[in-house]
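[1] Quick one: sequence and predicted model below, then my questions.
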Amino acid sequence: MNRLSWFNTVSLTLGFAFLYIPMIILIVFSFNESKLVTVWAGFSTRWYGELMQNQAFLSAAWVTLKVAVFSSTIATVLGTMAAYVLVRGGRFMGRTLFSGMIYAPLVMPEVITGLSLLLLFIGIGLDRGVLTIVLAHTTFSMCYVSVVVSSRLVTFDRSLEEAALDLGCSPIQAFGLVTLPIIAPAVISGWLLAFTLSLDDLVIASFTSGPSSTTLPIKIFSAVRLGVSPEINALSTIMIGIVTVGVITASLVTKRASIRQRREEQEAARA
Amino acid sequence: MPETVFAPWSDPDARPLIRFQNVTKRFGDFTAIHDLTLDIFEREFFALLGPSGCGKTTLMRMLAGFETPTSGRIELAGKDIVPVPPNKRAVNMMFQSYALFPHLSVWDNIAFGLRRDNMAKDAIDRRVDEMLKLTRLGRFARRKPHQISGGQRQRVALARSLAKAPKLLLLDEPLGALDAKLRQDTQFELMDIQEKTGTTFVIVTHDQEEAMTVASRIAVMDQGEVIQIATPDKIYEEPESVYVADFIGDVNLIEGRASAHGEGRFRIDWAEGQQPLIAASRLEFAAGQQCHLAIRPEKIAISAERPSDADNAVQGRVHDIAYLGNLSTYHVELPTGAIVKAQTANTRRISRRDFTWEDPVWLSWTATAGVLLAN
């Protein structure tokens, strides 16, 4: 192990402090006994208990989860299809236009996306609720999935698909039996990306949600406007915990897989 | 009992397995294949040889069904296969990159094509085991492609493409990724397997030695056209054009003007003040017609004294010596400034070599040693 110079140590510390001190404060105060957020009155887990009793938060969390699962799944299917056609479709009419348009939602201000979707839903007379949030989230997260999947498809060895056709697959079988299993990691990370985007979206959800379908970010935001309560700190801590466990598990799994693959390749080369 | 030589191409009644009829393929403005007609017979090991960009890969991809000809007909066993998609053709291909499915084991890779045919499970098991035995891969059946070496991967690719017992197997630069030693062994292995299975093989390669070693016939291609189709020895000994003579192996090309010199022989005036050369030729040349004498370096003898009985002899000076271990190539500069290469086997140790740099030497060859070409 290299020892860091004092300069590097200081920059590292400052950088991490900048990133994590706000979160650490939040976590610490979620265990505060006092109802006042800024005054420490001893350790307690009572706010976690109260949170579990809070029906409004629980139902918002349930709505959020439903929206995230449905919208990210639909977005993954559509985004993968779009990526496949744009990378593999050859030169069809309007290809450049389509490939430019699929990325437009990435740079579009969310307020505008939200407003336009709201106008659409009102226009076609669709009542705002879980369905409209799912549709809206699918719309904006689909392009993220398509970016992730198409970057994998660009480096995909085309002859693998040709080999599948050559061995008797129909084009659809070739996709299902060869292409999809190989690009699966990219498709899964596209799904995870869409899932997280949907989980923490506030702006688009506020345009497209109805009275019966408040998502967790909307609920938190409106609660905070009446003053930060320790319950919110507890809720946020739980969310940080879930995300942390997810990220660490995912990185451990990929790291172990890549180490195993490298070791096996070395063994094959030696043999 | 007279031994029958395998040469269906010289039998006028033989029906070809594959027939290209006036096939042209264009990509936009670029013509990859130009009006090509070609027959390949059953059980042949047919090599498509040429520099990169000559159209040999396009030709193979048309056989596999990945490209459709712009015009013309491609027949497999008498049937036009142009409208048949790749998954419906009795043709399999071994890819240059091997294209092994990384998520499947060696066993599953080989079984992949059989499963698509809805074969019974025990029939698949038997066929895969047979293929594993043929390619000596039994020990690696459960491994994934990244867990085996390059040579083993090559054999998996071969086993996978042979598993469905295709009428025709296409091999796209199959040995390109192997090192020289392994490549040689694998060439003989390929020939063995081809003989055992009786499958027709078409191989694409830019390596002329590989084509000479494995093929029953070679098609030399250039710029979308077939220049010559013949057996390896004919291609080497009797090239029909300067291009083929020059592309295959090492050759000396001497330009001159022909004039008749007795029955089937021609005199070639090739330089001012030099004695004309004598060459036998089955082709006719008009008096004064421009021609090239193509002669292989190993067919030229090198000596200190002028040989008395040679048809052709020229004097020169050793300009350079390429020592290859088993052979030495002498680059001899003639008084005209031209360089002629002569090759000899190093039957004696290098310290006993007769000639060295700047030595005056005589080069000699017989009238039948070279080939007289019109262009």
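    Here it is on my side, so go on.
[2] CA atoms for contacts and neighbours, from now on please.
    Will do.
[3] tell me which strands and helices the top helix by length along chain B is in contact with?
    Ranked by number of residues, the top helix in chain B under DSSP state H is helix B:180-197. With contacts taken as 3 or more Cα pairs under 8 Å, 6 or more residues apart in numbering or on different chains; DSSP states H and E, helix B:180-197 sits against helix B:208-214.
[4] and with 10 Å instead?
    strand B:45-49, helix B:121-134, helix B:150-162, strand B:200-205, helix B:208-214 (3 or more Cα pairs under 10 Å, 6 or more residues apart in numbering or on different chains; DSSP states H and E).
[5] Nearest to A:Trp191, out of the ones you listed?
    Comparing the helices and strands packed on helix B:180-197 against A:Trp191 with Cα to Cα, the closest turns out to be helix B:150-162 (33.4 Å).
[6] After that closest one, which helix or strand is next?
    strand B:168-172 (DSSP states H and E).
[7] and the next element down the chain from the host helix or strand of A:Gly49?
    In the assignment (DSSP H and E), A:Gly49 maps to helix A:46-53. Downstream of helix A:46-53, the first helix or strand assigned by DSSP H and E is helix A:55-88.
[8] looking at it, B:Ser71 is touching B:Val23, isn't it?
    Yes - counting by Cα atoms under 10 Å, B:Ser71 touches B:Val23, with 5.7 Å between them.
[9] Comparing these two, which shows the higher neighbour count?
    B:Val23 (21 against 15; other Cα atoms under 10 Å in any protein chain shown).
[10] Let me know the pLDDT of the more buried one.
    What the model reports as pLDDT for B:Val23 is 95.
[11] Next, count neighbours for whichever residue of the stretch 1-150 of chain A sits closest to chain B.
    Proximity of the stretch 1-150 of chain A to chain B (Cα to the nearest Cα) peaks at A:Arg91, 12.6 Å away. By the criterion of other Cα under 10 Å, A:Arg91 has 10 neighbours.
[12] so is it in a helix, a strand, or just coil?
    At A:Arg91 the chain is in coil, as set by DSSP: H, G, I helix; E, B strand; the rest coil.
[13] Just the closest residue of the stretch 151-271 of chain A to chain B, please.
    A:Gly168 (4.0 Å).
[14] which residues are contacting stretch A:94-112?
    Contact with stretch A:94-112 is made by A:79, A:82-83, A:85-87, A:89, A:113, A:116-118, A:139-144, A:146-147, A:201-207, as judged by Cα atoms under 10 Å, 6 or more residues apart in numbering or on different chains.
[15] Check the residues you listed for burial and list the buried ones.
    A:79, A:82-83, A:86-87, A:113, A:116-118, A:139-144, A:146-147, A:201-207 (16 or more other Cα atoms under 10 Å in any protein chain shown).
[16] which residues touch residue 228?
    Answering for chain A, as no chain was given. A:Lys35, A:Leu36, A:Val37, A:Thr38, A:Ile220, A:Phe221.
[17] think we crossed wires, I meant chain B
    Contacts of B:Gln228 by Cα under 10 Å, 6+ apart are B:Ile218, B:Ala219, B:Val220, B:Met221, B:Asp222, B:Lys234, B:Ile235, B:Pro239, B:Glu240, B:Ser241, B:Tyr243, B:Val244.
[18] Tell me which entries of these lie within helices.
    Per DSSP H, these map to helices at B:Lys234, B:Ile235, B:Tyr243, B:Val244.
[19] Can you redo those as CSV, where the extra columns are distance to A:Ala68 and pLDDT?
    Output for those, formatted as CSV (distance: Cα to Cα, whole Å; pLDDT from 0 to 100):
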residue, distance to A:Ala68, pLDDT
B:Lys234, 71, 93
B:Ile235, 68, 94
B:Tyr243, 67, 93
B:Val244, 67, 93
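[20] Next, give me the two most distant ones among those.
    B:Lys234 and B:Tyr243 (14.4 Å).
[21] circling back to that earlier point, could you tell me which of the contacts of A:Val228 belong to helices?
    A:Ile220, A:Phe221.
[22] So which of the contacts of A:Val228 wins on neighbours?
    In these, the most neighbours by other Cα under 10 Å go to A:Ile220, 20 neighbours.
[23] which phi and psi does A:Leu117 have?
    phi -70, psi -40 (degrees, to the nearest 10).
[24] Same check on B:Arg267?
    The phi/psi pair for B:Arg267 (degrees, to the nearest 10) is phi -100, psi 130.
[25] can I assume it is in contact with B:Leu277?
    Yes - with contacts counted by Cα under 10 Å, B:Arg267 reaches B:Leu277, the gap being 5.7 Å.
[26] what touches both of these two?
    In contact with both B:Arg267 and B:Leu277: B:Gly256, B:Ala258, B:Ala367, using Cα under 10 Å, 6+ apart.
[27] Output those of those also counted as contacts of chain A.
    The subset of the shared contacts of B:Arg267 and B:Leu277 within reach of chain A, counting by Cα under 10 Å from any Cα of the partner chain, is empty.
[28] Can you tell me which of those residues are buried?
    B:Gly256, B:Ala258, B:Ala367.
[29] Excluding sequence neighbours, find me the nearest residue to A:Val157.
    One correction, residue A:157 is Asp, not Val. The shortest distance from A:Asp157 to any non-neighbouring residue, by Cα to Cα, 6 or more residues apart in numbering or on different chains, is to B:Ala99 (7.7 Å).
[30] Look up how far B:Arg142 lies from the one you found.
    18 Å (Cα to Cα, to the nearest Å).
[31] higher neighbour count, the two?
    Legend: neighbour count by other Cα under 10 Å for B:Ala99 and B:Arg142, higher for B:Ala99 (20 against 13).
[32] part of a strand, is the more buried one?
    No - read with three-state DSSP, B:Ala99 is coil and lies in no strand.
[33] neighbours around residue 169, how many?
    As the question left the chain open, I've gone with chain A. A:Cys169, neighbours per other Cα under 10 Å, totals 25.
[34] That was the other one, I meant chain B.
    24.
[35] can you list the residues of the stretch 101-250 of chain A near chain B?
    A:157-171, A:173, A:177-179, A:181-182.
[36] relative to helix A:55-88, how tilted is the helix holding A:Gly49?
    Using axes from the mean of the first three to the mean of the last three Cα atoms, to 10 degrees, the inter-axis angle of helix A:46-53 relative to helix A:55-88 is 80 degrees.
[37] Run the chain-centre distance for helix A:46-53.
    The chain centre lies 27 Å from the centre of helix A:46-53; the measure is Cα atoms, centre = their mean, to the nearest Å.
[38] Report all helices and strands that it contacts.
    Helices and strands touching helix A:46-53, as assessed by 3+ Cα pairs under 10 Å, 6+ apart, comprise helix A:6-30, helix A:55-88, helix A:230-270.
[39] With that, I have no additional questions.
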